[in-house]
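*Asks:* Sequence and predicted structure are below.
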Amino acid sequence: MTYVELTKKDGFVLLTINRPEALNALNEQVLDDLDEALGMIDEDTRCLVVTGAGTKAFVAGADISVMRTQDRTEAKRFGKKGSEVFRKLEMLPIPVIAAVNGFALGGGFELALACDIRIASQNASFAFPEVTLGITPGFGGTQRIVRLVGPGAGKELLYTARRVKSEEALRLGIVNRVVPQETLLDEVFAMAASIAKNAPIAVRAAKRSVNTGVLCGMDEALAIELENYSNCYETQDQVNAMTAFVSKQEPKPFENK
Ligand code: DAK
């Protein structure tokens, strides 16, 4: 892969978009590499962290020099590719944390929105500049932002292209936490590690319940939760953890069984 690096950590994996000379902008090769990298996440991985190389940008958007030359057909194909890769990321069975270390603009904001959790550095900023370029977001941003912050706040960001700094992003609910850039990765790694030590079958079931249930009416969503919840029973991890609790023993590490 040319522009994406995967680094295995203890129980989780760090994925770095590595094209700092263009502030990690997304061209076809970056999207292909991202797709390939997501295909390499194995069953042992319990959490994924996504970040951008360097200290300036998470991802400064889709590559404008590529988009400038596209006609409507090519734009549709490029949008479809990005949309599918981001959906693949969103639908990974494991939690995904975006460590937003700088500009998250356009397609970069959309990439962060496809993750489950966003932690931002103090210098991070978010915007949809697409309408200043004569287009709209094309990698799922219009749909994910309104689901995250509601239609009123989401539409304001989409229509105005206003750049939101990390503290405002925190108030709007775009990010979960804001931390100094120097400690961003350490804090995100600590969160990834805390997820990784929990029962993987249960964590994945919780993600499935949220991702599927949020798109349904309440009755259907509760039925989905019930199914995912009851499927955790009779797993080795559930039996061992509850047995350890009632017998006041130290719980064993979870084995994903
Ligand atoms: N594309 C290509 N190159 C980019 C880039 C981008 N989005 N962002 C930055 N770069 C490049 C710059 O051209 C520059 O390259 P060189 O000139 O050194 O060769 C290098 O990165 C460093 O950038 P600057 O010199 O501009 O750095 P500054 O600190 O002065 O400014 C900046 C940083 C982030 C404020 C500025 O670079 C900037 O405004 N960048 C563009 C941000 C932006 O507008 N992003 C949103 C792009 S629109 C769709 C599919 C996808 C999308 C929409 C529709 N369909 C197919 C339907 C998504 C759209 C977008 O993402």
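*Replies:* Ah, there it is.
*Asks:* tally of neighbours for the closest residue to residue 257 other than its chain neighbours?
*Replies:* Distance criterion Cβ to Cβ, 6 or more residues apart in numbering; nearest residue to residue 257, sequence neighbours excluded, is residue 236 at 4.2 Å. The C-beta positions use only the backbone N, C-alpha and C, and glycine is treated the same way. Using other Cβ atoms under 10 Å as the criterion, residue 236 is surrounded by 14 other residues.
*Asks:* Quick check, pLDDT for residue 236.
*Replies:* Reading off the confidence values, residue 236 has pLDDT 97.
*Asks:* Look up how far residue 49 lies from it.
*Replies:* 27 Å (Cβ to Cβ, to the nearest Å).
*Asks:* try residue 151
*Replies:* 30 Å.
*Asks:* isn't there a helix covering residue 148?
*Replies:* Yes. Counting by DSSP: H, G, I helix; E, B strand; the rest coil, residue 148 falls inside a helix.
*Asks:* From residue 62, how far out is it?
*Replies:* To residue 62, residue 148 is 20 Å away according to Cβ to Cβ.
*Asks:* For these two, work out which one has more neighbours and name it.
*Replies:* In this comparison of residue 148 against residue 62, neighbours counted by other Cβ under 10 Å, the higher total goes to residue 62 at 27 against 14.
*Asks:* who's in contact with the helix or strand where residue 83 lies?
*Replies:* Residue 83 is part of helix 72-90, with elements assigned from DSSP states H and E. Applying Cβ atoms under 8 Å, 6 or more residues apart in numbering, the contact partners of helix 72-90 are 26, 28, 31, 34-35, 38, 50, 62, 66-67, 70, 96, 107, 110-111, 114-115, 135, 138-140, 211.
*Asks:* Show me which residues of that helix are buried.
*Replies:* For helix 72-90, a neighbour-count test (16 or more other Cβ atoms under 10 Å) marks 78-79, 81-83, 85-86, 89-90 as buried.
*Asks:* So in that sheet, which strands flank the helix or strand just after it, and in what orientation?
*Replies:* From helix 72-90 onward toward the C-terminus, using DSSP H and E, the following helix or strand is strand 96-100. Its sheet considered, strand 96-100 pairs with strand 48-52 (parallel), strand 117-121 (parallel) by DSSP bridges.
*Asks:* circling back to that earlier point, going through the contacts of helix 72-90, which ones are buried?
*Replies:* Neighbour-count burial within the contacts of helix 72-90 applies to 26, 31, 34-35, 38, 50, 62, 66-67, 96, 107, 110-111, 114-115, 138-140; the criterion is 16+ other Cβ under 10 Å.
*Asks:* what about residue 120, distance to residue 26?
*Replies:* The span separating residue 120 from residue 26 equals 19 Å under the rule Cβ to Cβ.
*Asks:* circling back: of all the strands paired with strand 96-100, which lies closest to the ligand?
*Replies:* Nearest to the ligand, of all those, is strand 48-52, at 11.4 Å by Cβ to the nearest ligand atom.
*Asks:* So which elements touch whichever helix or strand comes after the closest one?
*Replies:* For strand 48-52, the following helix or strand on the C-terminal side (DSSP H and E) is strand 57-59. Using 3 or more Cβ pairs under 8 Å, 6 or more residues apart in numbering; DSSP states H and E as the contact definition, the elements that strand 57-59 packs against are strand 48-52, strand 96-100, strand 103-105, helix 107-113.
*Asks:* Spatially nearest residue to residue 141, not counting backbone neighbours?
*Replies:* In this structure, residue 141 finds its nearest non-sequential neighbour in residue 110, 3.9 Å apart by Cβ to Cβ, 6+ apart.
*Asks:* So that neighbour versus the ligand, what's the distance?
*Replies:* For residue 110, the distance to the ligand (Cβ to the nearest ligand atom, to the nearest Å) stands at 7 Å.
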